[in-house]
Every structure is written in C-alpha cells, then in structure tokens.
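> predicted coordinates and the sequence they were generated for:
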Amino acid sequence: MGQPQRRKKKTAGDKSKHRAIKQKHYDKDIDQVHHDLKPEVAQKLISQPLDEDLPGQGQFYCIECARYFIDNTALLHHKKDKAHKKRVRELKEVPYSQEEAERCAGMTK
C-alpha cells in the first residue's frame, strides 16, 4: 500500500492568490475609523445617498466596523455581535498621533 494522500495547500505556493485573499478581507484600520467617528464625517456616512451597488443601497452602515448591511434588522443583530463589541472596545483607546510618536523616538527639539 502507498502513502495516504495529503490535502493540497491552496495559497502557500501562489503568492498572488495569498495577497488577493488578504486584501479581500481587509478592514479599515483603527485610525481611519477614528477619523470617520468625527461628527461631521459620521453624519455624511449615516445619511448617504442611495447607491444600488452597495448592500441595502448604502442606507444601513456601521461606522465602527465600516460595513454595509442589507436591512435594519441585520444591522441591529450585528451591533449585538461579539466582533462589533470587540471593535468598539478597541476604538475607546485614543490613537497615537505623529507628534507623540516623534516624542517617544526622541526626535523633539
């Protein structure tokens, strides 16, 4: 009898596939979401014009997770979800500014 067959690895050898899958599941970074949470930007994101290419025509948007939903019930279920609550917890911390990073590196005058 021969050796049992092993399962093929799908993305290990093909770097372009690996990169494509990684970009497909890309979320906005925390500092980008902090910018979206400013009142003037958040108001624009909440009241978007109708767009047929987006789920729910772009009317049901979670600012914290930067995701669109089909209807209001899906958005409400998402807000009770573990992933949403984790993202909100991460957003409570104030992000580092460029000035703060330079001070830590000793690049101040």
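It's in. Since this is a predicted model, take the numbers as computed values, not measurements. Numbering: from 1, shown residues only.
> check which residues of the host helix or strand of His84 are buried.
Assigned by DSSP states H and E, His84 belongs to helix 82-91. Along helix 82-91, these residues count as buried under the neighbour rule (16 or more other Cβ atoms under 10 Å): His84, Arg87, Leu91. Just so you know, the C-beta spots here come from the backbone N, C-alpha and C atoms, and that holds for glycine as well.
> tell me the first helix or strand C-terminal of it.
Downstream of helix 82-91, the first helix or strand assigned by DSSP H and E is helix 98-105.
> returning to what we had before: the helix holding His84 packs against which elements?
helix 30-36 (3 or more Cβ pairs under 8 Å, 6 or more residues apart in numbering; DSSP states H and E).
> on the C-terminal side of the helix it packs on, identify the next helix or strand.
Per DSSP H and E, the helix or strand that comes after helix 30-36 is helix 39-46.
> which other residues reach that following helix?
His35, Asp36, Tyr61, Ile63 (Cβ atoms under 8 Å, 6 or more residues apart in numbering).
> now with 6 Å?
Helix 39-46 has contacts (Cβ atoms under 6 Å, 6 or more residues apart in numbering) with Tyr61, Ile63.
> next SSE downstream of that helix?
Helices and strands here follow DSSP H and E; after helix 39-46, the next one along the chain is strand 61-62.
> what pairs with that next one, parallel or antiparallel?
Strand 61-62 has the following strand partners under DSSP bridges: strand 67-68 (antiparallel).
> now the helix or strand Lys22 falls within, how far from the centre of its chain.
Using DSSP H and E, Lys22 falls within helix 15-24. In terms of Cα atoms, centre = their mean, to the nearest Å, the centre of helix 15-24 is set 16 Å apart from its chain centre.
> what do you get for stretch 96-107?
Offset of stretch 96-107 from its chain centre (Cα atoms, centre = their mean): 25 Å.
> ok, now stretch 26-40?
Relative to its chain's centre, stretch 26-40 lies at 9 Å (Cα atoms, centre = their mean).
> mind checking the end-to-end distance for it?
Distance across stretch 26-40, first residue to last, is 25 Å (Cα to Cα, to the nearest Å).
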